[in-house]
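[1] the following block contains a protein sequence and its predicted model.
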Amino acid sequence: MRGEAYWRALASGTRRGCMDRLLLALLVPLSLPYALLLRLRAWGYRVRLLRTRRLNRPVISVGNLAVGGTGKTPMTALIARYFLATGRRVVVLSRGYGGSHKGRPRIVSDGETLFMSAAEAGDEPYLLARDLPGLMVVVGADRYAAGLLAQLELHPDCFLLDDGFQHLRLHRDLNVLLLDCRNPFGNGWTLPAGLLREPVSAKGRAELIVMTRCGDGEKIPPVAAPGVPHLCAGHHLSGIVPLDGGESRPLSALYGELVLAFAGVAHPDRFFSGLVEAGVELVGSLALPDHAVYDDRTVAGIRRSFRSTGATCLVTTAKDAVKLERHRRQLGKIWVAQLELLLADPGVLEAEVERVFQETGKSQ
């Protein structure tokens, strides 16, 4: 994890020492051809040298430019809740990263029944399907093929393309781009010298920009192009639930406990600091790699830390919790923190979504 944390600090521009600058100079020549290939790929789709496929229902894409940590899954869940509340049948199309489905299109949930586990479907698709009754979820490396399966079997009114900003093969009717308010483009370089999956110019494809992790009174960087709607969103930990199920409780339920927190997400430090800001007493924190695999060795390491720190309970994220059910007895008392995304002006998003339905003639 130390190597990953160092690279993220370097790529985000927060490390600027002499050795850091030297290493960055060695990585930049690798980023240049990568960025060029991405520009050529995007140009190929724009001039129709590369074919874009179209599904027969509206497609709304949620994605980002930087690697991990902007809140794509909470945003996808928020839009899905809006659709479900308006009576629309919605299918989330996800790559299913980390799942064992081998990239083949498969139905995770038909809105009533879960057909795949987290290990099979991947963390995020399983989490969305489990926590949102009525939401249909399909995984597949080819999101067009996954959409065709959904059209045939599930008959949706619309599609949500999770982490879809770079999946140009599938036509989308609304491109929602998430950018971290505090550091939208990292150090400005594409991988491997920076955090960006594509050059900054790719933001021009966005039709709605959501600045995430905005604090109260925080200055918003001017990243939106003229005429492109944008809004701010904030993340906060809203409560906890037991790993084995039960009612949600406020974070204050942890007051008086000695907490060991662990997380295998893109920015675990944000999770830990969120707990501390809520008044939780952390006696230790374990930052695991993003999409961590909870094998026996990892679980044994958590148990050793639990004993050595004198902790009285464990706290982790919902993304991690879906992979811990078989280790429940080994880990003992464990709480799952609930992350909530709040929009400063939800009307902006709702207006753009409804515009899509009006223009495509699919409004219910």
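    Cool, the structure landed. Just so it is clear, the model here is predicted, and its values are computed rather than measured.

[2] in the chain, which helix or strand is least confident?
    helix 2-12 (a mean of 82; mean pLDDT, DSSP states H and E).

[3] run the chain-centre distance for that one.
    The chain centre lies 19 Å from the centre of helix 2-12; the measure is CA atoms, centre = their mean, to the nearest Å.

[4] got the buried residues for that helix?
    Buried residues in helix 2-12, counted by 16 or more other CB atoms under 10 Å: 7, 8, 10, 11, 12. In short, each C-beta sits where N, CA and C put it, glycine included.

[5] tell me the helix or strand right after it.
    Sequence-wise, the next helix or strand downstream of helix 2-12 (DSSP states H and E) is helix 18-46.

[6] for the following helix or strand past that next one, which strands pair with it and how are they oriented?
    Of the helices and strands lying after helix 18-46 in sequence (DSSP H and E), the nearest is strand 59-64. As defined by DSSP bridges, the strand partners of strand 59-64 come to strand 158-162 (parallel), strand 174-180 (parallel).

[7] I figured residue 305 hits residue 261, correct?
    No: contact criterion CB atoms under 8 Å: residue 305 and residue 261 do not qualify, at 10.3 Å.

[8] for the closest residue to residue 106 other than its chain neighbours, which residues are in contact?
    Excluding the flanking residues, the one nearest residue 106 by CB to CB, 6 or more residues apart in numbering is residue 139, at 5.7 Å. By CB atoms under 8 Å, 6 or more residues apart in numbering, the residues touching residue 139 are 93-96, 99, 101, 105-106, 108, 116, 121-122, 125, 146.

[9] kindly reformat the residues you listed as a markdown table containing pLDDT.
    Shown next, in a markdown table, are those (pLDDT from 0 to 100):
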| residue | pLDDT |
| --- | --- |
| 93 | 98 |
| 94 | 96 |
| 95 | 93 |
| 96 | 90 |
| 99 | 84 |
| 101 | 82 |
| 105 | 95 |
| 106 | 96 |
| 108 | 97 |
| 116 | 95 |
| 121 | 93 |
| 122 | 91 |
| 125 | 95 |
| 146 | 97 |
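
[10] show me where the stretch 101-250 of the chain has strands.
    Assigned by DSSP state E, counting those that start in this stretch, the strands in the stretch 101-250 of the chain fall at 106-110, 136-139, 158-162, 174-180, 208-212, 230-242.
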